[in-house]
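J.: need the 3D shape of this:
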Amino acid sequence: MDNILRINMSAAGGPSVKKEGLGQYAGLGGRALTSMIVATEVNPAVNPLAAGNKLVIAPGLLSGTIAAMSGRISVGCKSPLTGGIKEANSGGQAAQVLARLGYAAIVLEGAAPEGKLYKVFINKDGVKVEPADEYKMLPNYALINRIKKKYGEKIACMSIGPAGEMKLSASSIQFTDMELRPSRAAGRGGVGAVMGSKGVKVIILDESGLTNREPKDAVKFREANKKWVEGLKAHAVTGQALPAYGTNVLVNIINESGGFPTRNFKEGRFEGASAISGETFAEIEKKRGGNPTHGCHRGCVIQCSGTYVDKKGKFVSKQPEYETTWAHGANCGIDDPDTIAKLDYLDDDYGVDTIDMGAAIGIAMEAGVIKFGDKRGAINLIREVGKGTFLGRIIGSGAAVTAKVFGVERAPVVKGQAMPAYDPRAIQGIGVTYATSPMGADHTAGYCIATNILKVGGFVDPLKPEGQAELSRNLQIATAAIDSTGMCLFIAFAVLDQPETFQALIDMINAFYGLELTAEGVTELGKKVLSAELDFNRKAGFTSADDRLPGYFYTEKLAPHDAVFTVSDSELDNVFKW
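T.: Residues are numbered from 1 along each chain as shown. This next block holds a predicted model:
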């Protein structure tokens with residue numbers, strides 16, 4: 001992983017390709033690399049859909065190795081949704097293959113002439129950028145089926161659907177899993193629109209003839225990886241709950257806590273929660289011949305994904321994740337697993353973020369476009385996005401735009417990005433993360449649920465403001481570092497509870513690169529990444545006023561606790577003053 005691949009879509013005579021060394025970016029991977037390139041090379045004032053923006057795709061520091069859980073990939077740019085810096089994270093096979101091809105990052109620069117569409121093919125022999133007009137406006141599943149017929153099955157793909165081609169600000173980039181299904185998403189921030197603005201429909205990575213990246217100290221690396229796997233399998237969350245029920249194991253837990261946002265964040269509990277819980281999904285999948293346990297990339301030992309099939313045993317979608325189940329379920333008043341799985345499939349197929357789609361539909365329901373609980377109406381709204389109708393373009397632009405168009409004041413967004421599946425009034429720590437993260441409302445930026453609700457790494461009372469700012473700060477720093485390794489964020493449960501497992505991760509990095517990294521060094525990496533991101537946002541015009549929740553979270557009491565958000569503005573303003 002010694003090179004950066006730059007593809008200039010504006011080059012005279014057609015797209016040009018240049019391979020260069022890492023230079024000033026040496027030692028960086030994943031989010032650290034995407035954010036540093038964006039912060040260094042992109043004008044913070046640029047229009048996100050203009051040629052001056054850049055799309056950076058980077059595997060992590062340990063991707064392409066035998067290290068378990070190392071298959072996450074980062075996508076960075078200036079976001080058309082938030083107007084600030086963005087890192088969207090995805091699973092799938094692409095990170096492993098891109099790293100084994102020797103690339104620390106792909107940087108898409110410039111923009112193809114209007115109406116031109118291209119595909120990028122990368123293998124061990126080089127790079128080809130070719131016209132892809134035959135793929136225009138194809139949904140992702142049909143696209144990948146055609147790609148497989150042409151290039152075979154020893155590939156990994158990253159692609160956009162119709163939403164990305166239309167440059168809708170809630171559009172995603174979809175990554176293929178081990179079965180070559182485009183079911184994994186870099187969903188947040190409208191990264192698909194930026195890929196569409198470059199004129200790139202799909203990037204195909206051919207893994208033929210590739211071998212794993214080899215560490216500097218193979219013996220120590222394998223020993224550390226063995227301890228790493230043992231720690232992950234020994235933890236109750238990563239070794240038992242997630243493999244058995246997927247991320248949907250959280251539905252009953254968060255619902256019981258009173259923090260499960262229901263009908264556009266009006267209530268904290270959903271009466272239909274048990275019908276859409278992880279336990280229920282797993283039971284349905286087993287009964288129909290699906291599978292509640294599945295990994296999205298090779299080397300995954302947590303296996304929190306799954307395969308959802310219909311009553312005839314036919315594939316419908318990956319097992320909907322917790323965020324998707326909430327967004328299209330409780331948030332819309334829908335308690336039918338089949339409908340949620342269908343909506344999940346359509347989101348992936350058209351290439352849109354499930355969180356912003358569920359939030360946008362919830363807002364449309366509040367506006368009276370359709371009623372809460374209208375299953376067919378929700379499916380039709382997503383189909384409108386795929387068709388590119390006026391209504392579909394509104395929904396596909398996300399929750400903030402939908403609220404403005406329909407005159408809905410209660411829009412659960414920060415910096416233009418929809419809040420995920422935890423109400424910040426009942427879980428105050430996640431409210432701090434929503435408000436202050438440079439990414440906009442994003443649970444993964446600093447997952448306070450671990451400590452507020454699951455009591456991992458200690459306990460901070462979710463209903464009280466005390467300790468929430470410090471908790472969010474520490475988790476945001478740790479997350480920025482984890483996102484740079486290529487590790488799945490769910491490793492954090494074991495890392496927070498088991499010091500020896502955290503040390504095994506550090507030992508793997510040191511053995512692979514010949515370093516002497518310490519826990520303090522990991523913290524410094526996280527701070528370095530966040531500092532670059534915050535500086536970019538300041539230059540883009542963000543102020544402390546952007547680090548706030550919508551006003552109604554401070555005044556509108558949430559049942560069943562009658563809670564409001566009580567972390568003070570001064571505490572929010574001091575989260576990143578280390």
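
J.: tell me, what residue is most central in the protein?
T.: Closest residue to the average C-alpha location of the chain: N89 at 3.9 Å, with C-alpha atoms, centre = their mean.

J.: in this structure, where's the longest helix?
T.: Longest helix in the chain, counting residues (DSSP state H): helix 519-539.

J.: can you list contacts of stretch 199-208?
T.: 7, 9, 57, 94, 97-98, 100-101, 106, 108, 111-113, 116-124, 132, 135-136, 138, 143, 147, 151, 154-160, 165 (C-beta atoms under 8 Å, 6 or more residues apart in numbering). Using the backbone N, CA and C atoms, a C-beta is placed for each residue, glycine as well.

J.: for the chain, which element, helix or strand, carries the lowest mean pLDDT?
T.: strand 291-294 (a mean of 89; mean pLDDT, DSSP states H and E).

J.: can you spell out which helices and strands pack onto it?
T.: helix 242-245, helix 278-288, strand 305-309 (3 or more C-beta pairs under 8 Å, 6 or more residues apart in numbering; DSSP states H and E).

J.: helices or strands up against the shortest one?
T.: Using 3+ C-beta pairs under 8 Å, 6+ apart as the contact criterion, the secondary-structure elements in contact with helix 242-245 are helix 278-288, strand 291-294.

J.: on the three-state scheme, the closest residue to K527 other than its chain neighbours is what?
T.: Nearest residue to K527 in three dimensions, chain neighbours excluded: I477, at 5.7 Å (C-beta to C-beta, 6 or more residues apart in numbering). What DSSP: H, G, I helix; E, B strand; the rest coil gives for I477 is helix.

J.: out of the helices and strands packed on strand 291-294, flag the one nearest G64.
T.: Among those, the nearest to G64 by C-beta to C-beta is strand 305-309 (20.5 Å).

J.: check the offset of that closest one from the chain's centre.
T.: Distance of strand 305-309 from the chain centroid (C-alpha atoms, centre = their mean, to the nearest Å) equals 19 Å.

J.: so what's the spatially closest residue to A111 that is not a sequence neighbour up against?
T.: Nearest residue to A111, sequence neighbours excluded (C-beta to C-beta, 6+ apart): A51, at 4.0 Å. By C-beta under 8 Å, 6+ apart, the contact set of A51 is 9-10, 109-111.

J.: now the two most distant members of the residues you listed.
T.: E109 and A111 (8.6 Å).

J.: who touches both of the two?
T.: 9-10, 51, 198.

J.: using PDB, write out every CA atom in the least confident helix or strand of the chain.
T.: The C-alpha trace of strand 291-294 is given here as PDB (Å, rounded to 0.1, in the frame of the first residue of the first chain):
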ATOM      1  CA  ASN A 291     -29.200 -16.900   7.800                       C
ATOM      2  CA  PRO A 292     -28.900 -14.400  10.800                       C
ATOM      3  CA  THR A 293     -25.100 -14.800  10.900                       C
ATOM      4  CA  HIS A 294     -23.000 -13.500   8.000                       C
END
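
J.: which residues does it contact?
T.: 243-246, 278, 281-282, 285-286, 303, 305-307, 318-319.

J.: in it, what counts as buried?
T.: 291-294 (16 or more other C-beta atoms under 10 Å).

J.: just the shared contacts of E109 and A111 now: which is nearest D535?
T.: Ranked by distance to D535 (C-beta to C-beta), the shared contacts of E109 and A111 are led by A51 at 23.1 Å.

J.: and the closest one, which of the three is it?
T.: coil.

J.: ok, it to L33 distance?
T.: A51 is 22 Å from L33, where distance means C-beta to C-beta, to the nearest Å.

J.: over to G514?
T.: From G514 to L33 the distance is 19 Å (C-beta to C-beta).

J.: quick one on the thing from earlier: which of the contacts of stretch 199-208 are buried?
T.: 7, 9, 57, 94, 97-98, 100-101, 106, 108, 111-112, 117-123, 132, 135, 138, 143, 147, 151, 155-160, 165.

J.: which ones among these are found in helices?
T.: Using DSSP H, the buried ones among the contacts of stretch 199-208 in helices are 94, 97-98, 100, 143, 147, 151, 165.

J.: save these as CSV, and put in distance to I355 too.
T.: Listed next are these as CSV, based on distance: C-beta to C-beta, whole Å:
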residue, distance to I355
A94, 21
V97, 27
L98, 25
R100, 31
L143, 23
I147, 27
Y151, 31
E165, 21
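
J.: could you dump these to JSON lines with distance to T433 and pLDDT?
T.: Converted to JSON lines, those look like this (distance: C-beta to C-beta, whole Å; pLDDT from 0 to 100):
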{"residue": "A94", "distance to T433": "27", "pLDDT": "97"}
{"residue": "V97", "distance to T433": "32", "pLDDT": "97"}
{"residue": "L98", "distance to T433": "29", "pLDDT": "98"}
{"residue": "R100", "distance to T433": "33", "pLDDT": "97"}
{"residue": "L143", "distance to T433": "34", "pLDDT": "98"}
{"residue": "I147", "distance to T433": "37", "pLDDT": "98"}
{"residue": "Y151", "distance to T433": "40", "pLDDT": "97"}
{"residue": "E165", "distance to T433": "32", "pLDDT": "98"}
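
J.: list just the nearest of those residues to F175.
T.: Nearest to F175 out of these is A94 (C-beta to C-beta; 4.9 Å).

J.: ok, the closest one touching I173?
T.: No - contact criterion C-beta atoms under 8 Å: A94 and I173 do not qualify, at 9.6 Å.

J.: what pLDDT, on average, does the longest helix of the chain get?
T.: For helix 519-539, the mean per-residue pLDDT is 97.

J.: show residues contacting the helix or strand following that helix.
T.: Proceeding N to C from helix 519-539, the next assigned helix or strand is helix 552-555, under DSSP states H and E. Helix 552-555 is touched from outside by 409-410, 424-425, 431, 564-566, with contacts defined as C-beta under 8 Å, 6+ apart.

J.: what do you get for stretch 265-272?
T.: Contacts of stretch 265-272 (C-beta under 8 Å, 6+ apart): 255-262, 329-331, 333-335, 362, 410, 412, 419, 423, 425-426, 558-561, 563.

J.: same check, this time on stretch 570-578
T.: 432, 435-436, 465, 468-469, 472-473, 476, 527, 530-531, 534, 544, 547-548.

J.: mind giving me the ChimeraX command for buried ones among those residues?
T.: Buried members of those, defined by 16+ other C-beta under 10 Å, are picked up in ChimeraX with:
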select :432,435,436,465,468,469,472,473,476,527,530,531,534,547,548
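
J.: residues in contact with E41?
T.: So E41 contacts K54 (C-beta under 8 Å, 6+ apart).

J.: so what pLDDT did it get?
T.: For E41, the predicted pLDDT is 98.

J.: isn't the residue nearest to K527 up against L530?
T.: Yes - using C-beta under 8 Å, I477 is in contact with L530, at 6.5 Å.

J.: can I get the contacts of A51 in TSV with pLDDT and distance to K375?
T.: Shown next, in TSV, are these (pLDDT from 0 to 100; distance: C-beta to C-beta, whole Å):
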residue	pLDDT	distance to K375
M9	98	41
S10	96	45
E109	98	43
G110	98	43
A111	97	39
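
J.: Serialize those residues to TSV and add fields for distance to A399.
T.: TSV is the format used below for those (distance: C-beta to C-beta, whole Å):
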residue	distance to A399
M9	30
S10	32
E109	30
G110	31
A111	27
